[in-house]
Structure formats: C-alpha cells, structure tokens
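Engineer: Below is the sequence, then the predicted model.
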Amino acid sequence: MSRRRRRKKRAQGLIILAAVLVLVGVAVGYGVSVYKGYMKDYAGTGSAAGEDVVVDIPQGSSVKKIAAILHEQGLINYERAFVNRVKESEYRGKLKYGTYTLNTGMNTMQMIEIMGAAETGSTALQTLTVPEGFSVEQIAARVNEQGICTAEEFLNAVSSAQYQYSFLDAIPADANVNYRLQGFLFPATYNIYEDTTAESLVEAMLSKFAEVYTPLEVMAEESSYTTYELITMASIVEREAKLSEERPTIAGVIYNRLNINMALQMCPTVLYPLTSGMYDVSQVTYADLEIDSPYNTYKNQGLPPGPICNPGESSIRAVLSPESHSYLYYHVDDEAAGSHIFSESYEEHIQTQN
C-alpha cells in the first residue's frame, strides 16, 4: 500500500473515531439528563408551587396502572421512578383507589403518602401549597383564601400547645416570639379533605417537618447551636437567598458574624415585624431599621428570638453545612437572577456597590 493511501486510510479512521466519540458523548449526556429527571421524580423536595390535577384511580388498579395514569396526567415523568418508590416505601400494596386532587409541584413520595394514607375511595377536595419561606401569617391568609378554614382558626391551631414532637422541646419556654411553631410548619403541598381541620393541617405540617428533619438530626447534634437556633438561622437564609448555590454561602456569613459578635443586620428580620409577617414590602428604608422589635437584628445583637418564616430543606441543610469562608458582607448583584456579591471587608463591600 502506498504512503498516500495509508495517510488517507488513517484520516478516514480518525474521522470515524471522532464521529463515534461524538455519538458516545451525546448518549452519555442523554443518559445523565434521564437520570437527573428520574431522580427528580424519585426524590425531589416537592415544595414548589404547581397546578392542581384531579385524578381518578379505578378500583383494583395496580401500581403500574397508577403510575401510567399519573404520567398521562402530567404529574410524573418516569413511571418506573414512581413504581420503585412505592416498592421501597411503607405503602407497598396499600395505595387506595379514589379521586384525588394532586399537584404538579409534588414529588412521588407525597403522592404515595396521599394515596396510601387515605380512606378507601376518599376524595381530596383541593390541595394547599405552602411555598418555602412562607410565614405562619402568610399560611393563615392562604388557608382563609382557599376556604379551608379561617385565618383565625389556623392561628389558634398554631398557638395550641397540644402537639407532641421532640424538636419542639428546643423552643425556650420564655421565647418572645409571635408564634412558637413558626419555622416548623414545613413548606410542601398538602391534600385537603372534607374532614380537614386547622388542627389536623398543622399536625400534618409538623409531621412533614419531622420526616425531613429527623435524618438531619445527627448533623444538628454536632452543632453548638440548638435546633431552634438552627431553624431560626435557616429561616433567615430562606428569606435572603434566591439561588440554591448561595444558601451555604449566606449561612456562612451568618456564622461569621455571630462568631465575632457582629450584629447580623439582616433585612428580612426587619421586614418580618414591619409587614406583620406578610412580606408584602420588598425594600427596607433607613427609617425602617429603627423599628422597635426583638426581631430587628439591626438594633438587637445575635439571632432574633425565633424563626421569621418556615424554611425548606435546602436552607436547613445550608445552615447545618455552611460554606467556610471569610465573608462578612453581601449585597444584591443581579436583582432578576437573585445573585449576590460577597465581601470580606466593609470597604470592599462599598466598592462593589459603585
């Protein structure tokens, strides 16, 4: 074979190899995308607000049939993720037929719990979605708006002392707070039935918090802060952060300031008393910083007396595993994106704002 033909053959081989590598790359990328989608279905937080979907599950439906119905209704992307989650849960063989109002913001486990815990043939009237960062006051307004119960009934239920959970023991008996359960009403989507009461709804929210927090207690036990203080920090992170990747960074700033006895000076701790928990004002003026409230961390040293909202799992995890850095300051960089610029000194903090 001539040298020229060998070169040509080698070039063709390289072209074929390159094409194969491209195809492999595409296949791997697709596989990763599918895996991420599967895991999102399987173990997502299910706390995002979505759309309600009424689903009829016929009597005698198998798990695979139920998965197919949920997929057809746009509630899940991967039927196998649902089937596998059922098999690995306490509700294996216990899903019941009936008419359910589910929500596209739910994950598979939330749907499984609803269909597994329901009375046979029961019908959910609607769902209540509690977004991450909602306060007790905001939840009360929403349940009143949806006609689940009155705001007063909900606030009375929140103020009741009848709930028995070990994590509530961390709340100081003399805590000077608006609502002792603030921070522990876990943000998620809840099914509302005809017999749902304000008390049973609060119970469901506390139960959900226990489900999420219990696996994290080992991490919490390693902290020098109490569960109540950790959830208080998480509530500040929840109201301050818009980007998930910045939550541990903001948590690190809180720790850094506390470690050197520096005032936290976090705006959400002003907005909470300023708006009576409704957070319907986004900007804080210099005059607002003078508000006389134990929650105001511009006037009071250390943490506020309690949580200022109900944080989600990512904010709780951020506080349990804060980013290690030397930042003491931050300010909004891109308002639309919600990103921040972090600084180690006040001088740098001012410079980055100009």
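Structural biologist: Alright, I've got the coordinates.
Engineer: Show me the shaky parts of the stretch 101-250 of the chain.
Structural biologist: In the predicted model, the stretch 101-250 of the chain carries pLDDT under 70 at residues 119-122.
Engineer: at 80 instead, please
Structural biologist: In the predicted model of the stretch 101-250 of the chain, residues 118-124, 161 satisfy pLDDT under 80.
Engineer: what do you get for the stretch 251-354 of the chain?
Structural biologist: 354.
Engineer: ranges for the strands of it?
Structural biologist: Assigned by DSSP state E, counting those that start in this stretch, the strands in the stretch 251-354 of the chain fall at 329-334, 339-343.
Engineer: partners of the longest one in the sheet?
Structural biologist: Strand 329-334 has the following strand partners under DSSP bridges: strand 339-343 (antiparallel).
Engineer: buried sites along the strand it pairs with?
Structural biologist: 340, 342, 343 (16 or more other C-beta atoms under 10 Å). Backbone N, C-alpha and C define where each C-beta goes, glycine included.
Engineer: can you redo the strands of the stretch 251-354 of the chain as a markdown table with distance to residue 218?
Structural biologist: Shown next, in a markdown table, are the strands of the stretch 251-354 of the chain (distance: least, C-beta to C-beta, whole Å):
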| stretch | distance to residue 218 |
| --- | --- |
| strand 329-334 | 30 |
| strand 339-343 | 29 |
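Engineer: quick one: which of the buried residues of strand 339-343 is nearest residue 64?
Structural biologist: Comparing the buried residues of strand 339-343 against residue 64 with C-beta to C-beta picks out residue 340 as the nearest, at 46.1 Å.
Engineer: can you count the residues close to the residue nearest to the closest one when sequence neighbours are not counted?
Structural biologist: Distances taken as C-beta to C-beta, 6 or more residues apart in numbering place residue 330 nearest to residue 340, at 4.4 Å, with adjacent residues excluded. Other residues within reach of residue 330, judged by other C-beta atoms under 10 Å, total 18.
Engineer: quick one, what contacts residue 330?
Structural biologist: 249, 250, 253, 340, 341, 342, 343, 349 (C-beta atoms under 8 Å, 6 or more residues apart in numbering).
Engineer: Hmm, the last one is touching residue 327, no?
Structural biologist: No. Taking C-beta atoms under 8 Å as the definition, residue 349 is not a contact partner of residue 327, at 9.4 Å.
Engineer: burial measure for residue 245, as a count.
Structural biologist: 11.
Engineer: Got the phi and psi for it?
Structural biologist: phi -70, psi -20 (degrees, to the nearest 10).
Engineer: And it, how far from residue 238?
Structural biologist: In this view, residue 245 and residue 238 are 15 Å apart by C-beta to C-beta, to the nearest Å.
Engineer: Also residue 117?
Structural biologist: Distance of residue 117 to residue 238, computed by C-beta to C-beta: 28 Å.
Engineer: and if you look at residue 315?
Structural biologist: Residue 315 sits 4 Å away from residue 238, taking C-beta to C-beta as the criterion.
Engineer: cool, and residue 259?
Structural biologist: Between residue 259 and residue 238 the computed distance is 21 Å (C-beta to C-beta).
Engineer: out of the two, which sits in the more crowded spot?
Structural biologist: residue 238 (28 against 8).
Engineer: quick one: secondary structure of the more buried one?
Structural biologist: Taking DSSP: H, G, I helix; E, B strand; the rest coil as the rule, one finds residue 238 in the helix state.
Engineer: need the contact list for it.
Structural biologist: Residues in contact with residue 238, defined by C-beta under 8 Å, 6+ apart, are 132, 133, 309, 310, 311, 312, 315.
Engineer: ok, now with 7 Å
Structural biologist: By C-beta atoms under 7 Å, 6 or more residues apart in numbering, residue 238 lies in contact with 132, 133, 309, 311, 312, 315.
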